[in-house]
Every structure is written in C-alpha cells, then in structure tokens.
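# Fold the following and give me the result.
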Amino acid sequence: MKKIFTYQNLRGLVNRLRDDLNNQELILLYAYNRTGKTRLSMDFKDKGKYKNDGKPDTLYFNAFTEDLFAWENDLENDSARGLQVNQYSKFFDGFTNLGLEPTIDEYLSRYADFNFDFEYKEVQQGGEAFTKPYFVKFSKDGEENIKISRGEESIFIWCIFMAICERVLDGQESYQWVKYIYIDDPVSSLDDNNAISAACDLAKLLRRATSRKNGDGAPNPMKIVVSSHHSLFFNVMCNEMGRAKEGEPKVRHKQYFFHRPNSENHYTLRATGDTPYFHHVATLSELHRAADPENGTLYTFHFNALRSIMEKTSAFFGHADIGFCLKTIDDDENSALFNRALNLLSHGKYAIHEPTPMGEDNQDLFRQILRAFVSSFKFYLPEILNENSRRTTL
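Numbering: from 1, shown residues only. All right, here's what the predicted structure looks like:
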C-alpha cells in the first residue's frame, strides 16, 4: 500500500509539488471533480509570483484560461459573431511577432474542419503600446461568421495553448519568464471516447519539453504538472510518459491520486506507482462497452487504447513489447494478424469531433482481440461483470 500524505490546505500541497519538480520533470495528478484541481493550479501559479517579487513563472491552462475568451453573438446585427479576447492577459504576449496562427491551424486541423481569423488592435500596457488579438471569427465551406459549438470553442482554445507552448520551448523572448507549465483538465468538454487523440498530442509535446536543452547543449527541461479527472485521458498520459522510447531519454515523473476525503477541509496525495490507479481496468471496461454489438460504437482510435493496455500488461510481466500478450492469447495461430492489425490501426491522427467509425471487418477483428486478451489474462471488469449489470456478448 502506497503511503498517503495529508495536507491541511492547498498551499502545503503546492510546496510538495514544487519540491518534487526539483527532481522530476513531470507530475501527473488524477482527481475527481470538485476536489480542488483548478484552485490548486492557481495556488501553484500564485506561489511562483510570491517567490519572484510578483513576477510569474507559470504558464497555465485551466478554466480561467478559457474565461479569457467570451462568445459574442452580435444580437443587434446578427453578423459579426465570434470570440472576444481579453487583450490585457499576458497569455497573448507572443501573438504580435511570433506568427502563432500557422501552428494553431496545424493543431486544429487534426481535430476540426473550420477556419479562424484573428483581428488585432493596439492596447496600452505599462506605458507601452502592443498589438494584440481582440476578436476571432470563424468560417467553414465558404460561409463566414459561423457559430461553433462549445466543444469546438474549447478545442480551439486548447490549440492556441499548444501553439504557445511550442513557442515557449523554442525559447522565444516573449515567454522567457516561463519556468513551469501547469495544465488542468484539457479534455473536460470532450467526449470520453475521443480524449485519447488530445492525450497523444500532449504527450508528444511534453516529451519535447522534458528533454529540452539550452544553447550549450546542457539539459534544461521544462517542469510540468498535468491534472485531470478524466480516467481514460490520465491512463493514456501515464502509458505514454511512462515508457521509454527509442532514441529518447525516459521522462522522470511521478503519478499521484489527489483526493479530498468526504469533502473535508484537508487533502490527500497518494503515489499511484507504475500501474496508474486501476485505470487500465477502467479503460478495458470502456472498450468492452464500446465493442457491444447491440449498444456500443467502435471507432478507429479504440485500437490505440487497446494497444496501450497491452503494452502496459507486457511491461508488468517484464517484456518489452506486446508480442508477449499476442503469443499468450493465441499461441501463434493468429498472432501475425493481430500484430499487424494493432500496428496499422493504432497509429494516425483521429478527429476528435468527427471520429471515424470502424469498418465491420475491423470491428470483428477488434472484438476477437479484446475477447481473447481479457480471457487469457483473466481481467476482472466490475462494471461489465457485476451480476446486477446488463451482460453483453462480444
């Protein structure tokens, strides 16, 4: 049983996280909603300002970041619809001269098919004048000033943040002040089944951040905290960051379960170790429901999730790749077919708002692999096998 640390307030927990980051590059936090994740991220940011005479050291993404954007419907004319931007935020300092739009578009094209256009104007800050964005308009298929959904708003703002992080890692002067990146619930508005795409993109960026070097070639990693209530997203992050990749150093990181017992006025932190808080089993349960021929829906990205669980299982038994799992579940009869399917179908960038359904042949193959895997390793899936639950047959 991992030791549980108790804190009477969030300030003590912030000190613990910052101390951990002296020896780690990354902290992954899992917590239920209403635990205090957003307040923790703000206290972490405030601690940096306190230590640096009011100067910030943390670039953060949380609910406050999304509040920098407000939708305008133009009720009077019903034409100039779009997002109003809070120009005075330091968040937008790099827009003027860093050309963020192409990077934003590169990220957004992975998740959605609408276009955007920033409008700029001059703003006075500290006796100086800066040109910053103040409004964003959207278009699609030749139609201007379209209304986008709340989920699309969220992913658009997330793409802006990812583009800014790219400039931070490039060492751009506008973001030289950033020493820490704190990300809280980046997929809170996304469907559970689609969060894996965002997690994979973020993991790729974090690997770059934690392996960053200075101009002399010495290690200069960015220190990062990622918190989430989304079990599938957290599981993917743990899997992606926990495994070594060829030609890349392993990311030094810690995984914690952050909790507020019975909504009391104290907080607990428990290290989850190599196997992240039962989430591989939770993910298998979700895959089992998605694979239900009568009530589920299988998408191409479900192969990513299944492959990640098989990799974690192989690592648990001391093996380097999923070949161990494939041999265990099929004694070589279909191992080549399963391996080829998992390699070919678990790669690629899948749309978050318009996920691609599997073809019928791939659905049958997915169910065959999942059924054999769960049966061979005798996983207990409580949400599926509970006698009071509806039973399904794959």
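# Tell me where the stretch 201-350 of the chain has strands.
Ranges of strands within the stretch 201-350 of the chain are 223-228, 253-259, 267-271, based on DSSP state E, counting those that start in this stretch.
# Most tightly packed of those strands?
Across the strands of the stretch 201-350 of the chain, averaging neighbours per residue (mean count of other C-beta atoms under 10 Å) puts strand 223-228 on top, at a mean of 24. From N, CA and C alone the C-beta is placed, and that goes for glycine too.
# low-scoring stretches of the stretch 151-300 of the chain, by residue?
Applying pLDDT under 70 to the stretch 151-300 of the chain flags the ranges 189-194, 247, 262-264, 273-282.
# Would you map the helices across it?
For the stretch 151-300 of the chain, the helices defined by DSSP state H, counting those that start in this stretch cover 195-210, 231-242, 279-290.
# export those helices to TSV and tack on mean neighbour count and distance to A372?
Compiled in TSV, the helices of the stretch 151-300 of the chain are given as follows (neighbours: other C-beta atoms under 10 Å; distance: least, C-beta to C-beta, whole Å):
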stretch	mean neighbour count	distance to A372
helix 195-210	21	22
helix 231-242	24	21
helix 279-290	21	13
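# out of these, nearest to D321?
D321 lies closest to helix 231-242 among the helices of the stretch 151-300 of the chain, at 13.3 Å (C-beta to C-beta).
# tell me which strands and helices the closest one is in contact with?
Here helix 231-242 touches strand 26-30, helix 195-210, strand 223-228, strand 253-259, helix 279-290, helix 302-316, going by 3 or more C-beta pairs under 8 Å, 6 or more residues apart in numbering; DSSP states H and E.
# need the ones you listed in TSV with distance to I322, can you?
Shown next, in TSV, are the helices and strands packed on helix 231-242 (distance: least, C-beta to C-beta, whole Å):
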stretch	distance to I322
strand 26-30	23
helix 195-210	17
strand 223-228	25
strand 253-259	22
helix 279-290	13
helix 302-316	4
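# closest one to V85 among those?
Smallest distance to V85 across the helices and strands packed on helix 231-242 (C-beta to C-beta): 22.2 Å, for helix 195-210.
# distance between the closest one and the chain's centre?
Centroid separation between helix 195-210 and its chain, computed with C-alpha atoms, centre = their mean, to the nearest Å, is 7 Å.
# Can you redo the helices of the stretch 151-300 of the chain as CSV, where the extra columns are distance to D321?
Shown next, in CSV, are the helices of the stretch 151-300 of the chain (distance: least, C-beta to C-beta, whole Å):
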stretch, distance to D321
helix 195-210, 18
helix 231-242, 13
helix 279-290, 17
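# now F116: how far from D185?
F116 sits 23 Å away from D185, taking C-beta to C-beta, to the nearest Å as the criterion.
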